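Asker: with the sequence up front, the predicted model follows.
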Amino acid sequence: MPQAPNVAAPLGAEARTAGFYGWKLLAVLWVAMAINMSLPMYGLSILNVHMGDQFGLSRAALGSTYSAYMLMTGLPGPLVARMIHRYGIRSTLIFGNVMLLAATAALATVVDSAWSLLAIGGLLLGTSNAFAGPITIQASVTRWFVRRRALAMGLVMTGGSLVGSVFAPMLETVTRISGSWRYGWWAITGATALVVLACAIFIRENPHDLGQYADGRAPDPAEEGEMAVTPMTASMRMRFWSVHRTPHDWSPRDVLRSTAFWLLLVCSAGVSAVFTIFLAQAVLQMRDLGYSTGTAAWMLSFSVGVGFVAHMVVSFIADRIDPRLLWALGVLFYGLGIILFAQAYEPWELYAAVLLLGIGGSVSLMCIVMVFSNWFGAKASPFVFGYGSAVAAACGALGPIASGYCYDRIGSFAPVYYVVGAMCIASAILLIAMRPPVPSWARQT
């Protein structure tokens, strides 16, 4: 549902909405993000290693499944945007979670070959994440928060970090104790059922549906657009690190015509590639380097833990320091981390690589969302997140496929890791050089 414009409201003490529902909504979205985003990813990363051992699946087969999953988390993005516009965020989240419920139950019961894993663990599970995951959740946060958008978005996205740090080793423990990876998928199925119920009861579309305002505070009628939330003086505009929030109502056509939109997608491609490769092949790579599966699971937990800390830091500073610059720092860390991870034979090298990957990934993924939402606004956010996710996922999905086939041919993931690492370093340079866009019609007036 499109967001209705706010009407003039009294100033002063009455301008603040009592009992702002947005913070309660964040708690539900936090749980949804934690379950919908982290559990399927870590399930595919950890449980599929045991599945591959049982059925004798090749590295290329496992990599292709994860690539299909990541591709489908973004490829249906335009359909997700249309569903949000037509039926609303609540219906979209419920639809996606019901699909996720069906996919995880099928993984726990019927998957027994490379093709069934690809169809269910790749295509169906990925599609469910597209509707129930970050695209829809981020669009909801963008509607409810403007002044404190970075804080709100950061808090929601830490759901995946906290739960991932617990569930990565937990899934490995469940598999070891039960003797079957299928019980891990049953645990994820039960958690998903709770999310379906929570979304049906607690999700609300817009602040104005409850007679409230974004951030729980009425805007000053003398100010217009999202720029009203953080007034910028002339001196602030000249600061290299100042946060830009568009004062314009971007349309989908305006977004597609913006060079900045496509350059941002180019910068996000390297992040998507490293993110997908690490989650799909981190356990396999660490086993190849001489570490046990248990150690690999704890290293994944370590990466998620440091990512959580990075998330919290960025949440509190990204409303004051340009998220574009923070993204540049994060993607630089990401590039250096994956390059070091390619040959991390020594424990200190492994810890350093995972530390860089954990910090770089968390900072980059959060700041990608912040830059897109700040530069193109709440009105265009479903379109921007939907279409942007489709392009980024298509690029990122190539990573595990390329590295999987590289391993099957030469016995190493390293060449592909070096390439995507270089992509990330180049993206950091491009982000530093970029400036916020303005719609073509605004430049003509």
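Answerer: In hand now; what should we look at?
Asker: residue ranges with poor pLDDT in the protein?
Answerer: For the chain, the stretches flagged by pLDDT under 70 are 1-18, 160-165, 168, 219-241, 443-445.
Asker: and Val243, helix, strand or coil?
Answerer: coil (DSSP: H, G, I helix; E, B strand; the rest coil).
Asker: would you agree it is in contact with Asp322?
Answerer: Yes - counting by Cβ atoms under 8 Å, Val243 touches Asp322, with 5.5 Å between them. C-beta here means a position set from N, CA and C on the backbone, and glycine is covered the same way.
Asker: can you give me the helices in the stretch 151-300 of the chain?
Answerer: 182-202, 234-237, 252-256, 259-288, 293-317 (DSSP state H, counting those that start in this stretch).
Asker: just put these in a markdown table and tack on mean neighbour count and distance to Phe20.
Answerer: Formatted as a markdown table, those follow (neighbours: other Cβ atoms under 10 Å; distance: least, Cβ to Cβ, whole Å):
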| stretch | mean neighbour count | distance to Phe20 |
| --- | --- | --- |
| helix 182-202 | 18 | 14 |
| helix 234-237 | 9 | 27 |
| helix 252-256 | 16 | 29 |
| helix 259-288 | 23 | 31 |
| helix 293-317 | 20 | 18 |
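Asker: for Leu118, find the nearest of those helices.
Answerer: For Leu118, the closest of these is helix 259-288, at 13.1 Å, according to Cβ to Cβ.
Asker: tell me what angle that closest one forms with helix 293-317.
Answerer: Angle of helix 259-288 versus helix 293-317, following axes from the mean of the first three to the mean of the last three Cα atoms, to 10 degrees, is 150 degrees.
Asker: what's helix 259-288 packed up against?
Answerer: Judged by 3 or more Cβ pairs under 8 Å, 6 or more residues apart in numbering; DSSP states H and E, the packing partners of helix 259-288 are helix 59-74, helix 293-317, helix 323-341, helix 347-376, helix 381-396, helix 398-410, helix 414-433.
Asker: tell me what angle that helix forms with helix 381-396.
Answerer: Going by the same axes, to 10 degrees, helix 259-288 makes 50 degrees with helix 381-396.
Asker: neighbours of Glu346, how many?
Answerer: 10 (other Cβ atoms under 10 Å).
Asker: with the one 10 residues further on instead?
Answerer: Around Leu356 there are 23 other residues, counting by other Cβ under 10 Å.
Asker: and it, what does it touch?
Answerer: By Cβ atoms under 8 Å, 6 or more residues apart in numbering, Leu356 lies in contact with 333-334, 336-337, 340.
Asker: for Leu431, same thing?
Answerer: Taking Cβ under 8 Å, 6+ apart, one finds 267, 324-325, 327-328, 331 in contact with Leu431.
Asker: please apply the same query to His244.
Answerer: Contacts of His244 (Cβ under 8 Å, 6+ apart): 322, 374-375, 436.
Asker: can I get the residues you listed in TSV including distance to Ile359 and neighbour count?
Answerer: Output for those, formatted as TSV (distance: Cβ to Cβ, whole Å; neighbours: other Cβ atoms under 10 Å):
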residue	distance to Ile359	neighbour count
Asp322	18	21
Asn374	22	26
Trp375	24	25
Pro436	25	16
